[in-house]
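Asks: sequence plus predicted model, see below.
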Amino acid sequence: MSDRPLWRCPACGREFANRNQVHTCAPPGDLDERLAGLDPGVLAVFTRFRALVEACGPVTILPERTRIAFATRMSFAAVMPRRRWLDGHLVLARRVDSPRWRRVETFSARNHLHAFRFTTPEELDDEVAAWIAEAYEVGRQRHLRS
(Lines give C-alpha, C1' and ligand atoms only; values in the text may rest on other atoms or scores of the structure.)
Protein backbone atom coordinates (compact mmCIF):
# COMPACT_ATOMS: atom_id res chain seq x y z
CA MET A 1 0.00 0.00 0.00
CA SER A 2 2.69 2.52 0.91
CA ASP A 3 4.57 1.91 -2.34
CA ARG A 4 1.66 3.00 -4.53
CA PRO A 5 2.24 6.37 -6.23
CA LEU A 6 0.50 9.37 -4.74
CA TRP A 7 -2.41 10.98 -6.57
CA ARG A 8 -1.99 14.69 -7.36
CA CYS A 9 -5.08 16.89 -7.41
CA PRO A 10 -5.18 18.52 -10.85
CA ALA A 11 -6.69 21.71 -9.42
CA CYS A 12 -4.43 22.51 -6.44
CA GLY A 13 -1.47 20.16 -7.00
CA ARG A 14 -1.57 18.65 -3.49
CA GLU A 15 -0.66 14.96 -3.25
CA PHE A 16 -2.75 12.29 -1.54
CA ALA A 17 -2.54 8.57 -0.88
CA ASN A 18 -6.06 8.06 -2.26
CA ARG A 19 -7.34 9.09 -5.67
CA ASN A 20 -9.93 11.89 -5.55
CA GLN A 21 -9.31 12.45 -1.83
CA VAL A 22 -11.79 14.91 -0.37
CA HIS A 23 -10.00 18.14 0.55
CA THR A 24 -10.44 21.91 0.54
CA CYS A 25 -8.46 22.25 -2.68
CA ALA A 26 -6.78 25.39 -1.43
CA PRO A 27 -3.05 25.94 -1.72
CA PRO A 28 -1.21 25.84 1.60
CA GLY A 29 -0.32 29.16 3.16
CA ASP A 30 3.08 30.44 4.19
CA LEU A 31 4.45 28.89 7.40
CA ASP A 32 6.33 32.01 8.47
CA GLU A 33 3.17 34.10 8.06
CA ARG A 34 1.15 31.51 9.99
CA LEU A 35 3.65 31.64 12.87
CA ALA A 36 4.12 35.42 12.87
CA GLY A 37 2.96 37.09 16.04
CA LEU A 38 2.80 33.92 18.13
CA ASP A 39 3.64 34.20 21.78
CA PRO A 40 7.33 33.22 22.13
CA GLY A 41 6.38 30.37 24.48
CA VAL A 42 3.91 28.92 22.00
CA LEU A 43 6.46 29.31 19.20
CA ALA A 44 9.00 27.39 21.32
CA VAL A 45 6.50 24.54 21.77
CA PHE A 46 5.81 24.49 18.02
CA THR A 47 9.54 24.52 17.22
CA ARG A 48 10.13 21.54 19.54
CA PHE A 49 7.16 19.65 18.05
CA ARG A 50 8.39 20.33 14.51
CA ALA A 51 11.91 19.17 15.40
CA LEU A 52 10.56 15.88 16.78
CA VAL A 53 8.51 15.34 13.62
CA GLU A 54 11.40 16.18 11.29
CA ALA A 55 13.69 13.81 13.24
CA CYS A 56 11.49 10.97 11.94
CA GLY A 57 12.30 11.64 8.28
CA PRO A 58 11.08 13.69 5.32
CA VAL A 59 7.82 15.48 6.00
CA THR A 60 5.59 17.97 4.24
CA ILE A 61 4.35 20.84 6.39
CA LEU A 62 1.02 22.20 5.23
CA PRO A 63 0.10 25.55 6.79
CA GLU A 64 -3.66 25.73 6.39
CA ARG A 65 -6.15 28.35 7.53
CA THR A 66 -7.15 26.52 10.73
CA ARG A 67 -4.20 24.21 11.38
CA ILE A 68 -0.66 23.28 10.44
CA ALA A 69 -0.64 19.69 9.18
CA PHE A 70 2.31 17.31 8.93
CA ALA A 71 2.16 14.70 6.18
CA THR A 72 4.11 12.02 4.40
CA ARG A 73 1.78 9.88 2.30
CA MET A 74 -1.08 11.14 4.47
CA SER A 75 -1.49 13.62 7.30
CA PHE A 76 -0.49 12.09 10.62
CA ALA A 77 -0.34 15.14 12.87
CA ALA A 78 -1.71 18.64 13.07
CA VAL A 79 -1.28 21.56 15.42
CA MET A 80 -3.34 24.64 16.11
CA PRO A 81 -1.36 27.42 17.81
CA ARG A 82 -3.42 29.27 20.41
CA ARG A 83 -2.65 32.30 22.55
CA ARG A 84 -1.01 30.41 25.41
CA TRP A 85 -0.58 26.82 24.21
CA LEU A 86 -0.36 24.47 21.25
CA ASP A 87 -3.37 22.24 20.61
CA GLY A 88 -3.09 19.39 18.17
CA HIS A 89 -3.43 15.71 17.48
CA LEU A 90 -1.56 12.62 16.35
CA VAL A 91 -3.08 9.77 14.35
CA LEU A 92 -2.03 6.37 15.66
CA ALA A 93 -2.90 2.88 14.45
CA ARG A 94 -3.74 1.87 18.01
CA ARG A 95 -5.50 3.47 20.93
CA VAL A 96 -3.08 4.72 23.58
CA ASP A 97 -4.66 5.48 26.92
CA SER A 98 -2.78 8.19 28.78
CA PRO A 99 -3.76 11.12 30.96
CA ARG A 100 -1.65 13.26 28.60
CA TRP A 101 -4.36 13.11 25.92
CA ARG A 102 -7.23 15.54 26.06
CA ARG A 103 -9.36 13.00 24.20
CA VAL A 104 -9.02 9.97 21.94
CA GLU A 105 -11.39 9.45 19.01
CA THR A 106 -11.57 6.05 17.34
CA PHE A 107 -12.58 6.07 13.68
CA SER A 108 -11.65 2.47 12.81
CA ALA A 109 -9.51 -0.37 14.15
CA ARG A 110 -6.34 1.30 12.81
CA ASN A 111 -7.29 4.98 12.98
CA HIS A 112 -7.25 6.70 16.37
CA LEU A 113 -6.94 10.47 16.80
CA HIS A 114 -5.13 11.45 20.01
CA ALA A 115 -5.66 15.12 20.93
CA PHE A 116 -3.16 17.02 23.04
CA ARG A 117 -2.41 20.42 24.52
CA PHE A 118 1.18 21.44 25.28
CA THR A 119 2.19 24.62 27.05
CA THR A 120 5.97 24.17 27.36
CA PRO A 121 8.64 22.55 25.18
CA GLU A 122 9.63 20.35 28.14
CA GLU A 123 6.32 18.51 27.89
CA LEU A 124 7.49 17.10 24.55
CA ASP A 125 9.62 14.42 26.15
CA ASP A 126 10.77 10.95 25.06
CA GLU A 127 7.27 9.49 25.48
CA VAL A 128 5.77 12.14 23.17
CA ALA A 129 8.67 11.70 20.73
CA ALA A 130 7.89 7.96 20.54
CA TRP A 131 4.22 8.70 19.83
CA ILE A 132 5.22 11.17 17.11
CA ALA A 133 7.50 8.53 15.54
CA GLU A 134 4.62 6.04 15.65
CA ALA A 135 2.28 8.57 14.02
CA TYR A 136 4.91 9.27 11.36
CA GLU A 137 4.82 5.58 10.39
CA VAL A 138 1.02 5.80 10.15
CA GLY A 139 1.51 8.76 7.81
CA ARG A 140 3.77 6.54 5.70
CA GLN A 141 0.98 3.93 5.80
CA ARG A 142 3.34 1.33 7.26
CA HIS A 143 0.52 0.15 9.54
CA LEU A 144 -1.34 -1.14 6.46
CA ARG A 145 1.34 -3.69 5.57
CA SER A 146 0.83 -7.23 6.74
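Replies: Perfect, thanks for sending it.
Asks: end-to-end on stretch 69-85?
Replies: 17 Å (C-alpha to C-alpha, to the nearest Å).
Asks: kindly report the same for stretch 81-88.
Replies: Start-to-end span of stretch 81-88 (C-alpha to C-alpha) is 8 Å.
Asks: same check on stretch 57-67?
Replies: So stretch 57-67: terminal residues 21 Å apart, C-alpha to C-alpha.
Asks: would you mark the buried spots in it?
Replies: Residues of stretch 57-67 classed as buried by neighbour count (16 or more other C-beta atoms under 10 Å): 59, 62, 64, 67. (Glycine included, C-beta is placed from N, CA and C.)
Asks: and the strands in this structure, which stretches?
Replies: Using DSSP state E, the strands of the chain run over 7-8, 15-16, 60-63, 68-71, 75-81, 86-92, 103-108, 111-118.
Asks: with respect to residue 141, which of the buried residues of stretch 57-67 is nearest?
Replies: For the buried residues of stretch 57-67, the residue nearest residue 141 by C-beta to C-beta is residue 59; the value is 14.1 Å.
Asks: let me have the buried residues of stretch 57-67 in CSV, extended by pLDDT.
Replies: Output for the buried residues of stretch 57-67, formatted as CSV (pLDDT from 0 to 100):
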residue, pLDDT
59, 96
62, 89
64, 86
67, 91
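Asks: quick one on the thing from earlier: any chance of TSV for the strands of the chain, columns distance to residue 126?
Replies: Putting the strands of the chain into TSV (distance: least, C-beta to C-beta, whole Å) gives the following:
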stretch	distance to residue 126
strand 7-8	36
strand 15-16	31
strand 60-63	23
strand 68-71	19
strand 75-81	17
strand 86-92	15
strand 103-108	20
strand 111-118	14
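Asks: between those strands, which one is closest to residue 48.
Replies: Proximity to residue 48 (C-beta to C-beta) singles out strand 111-118 among these, at 8.3 Å.
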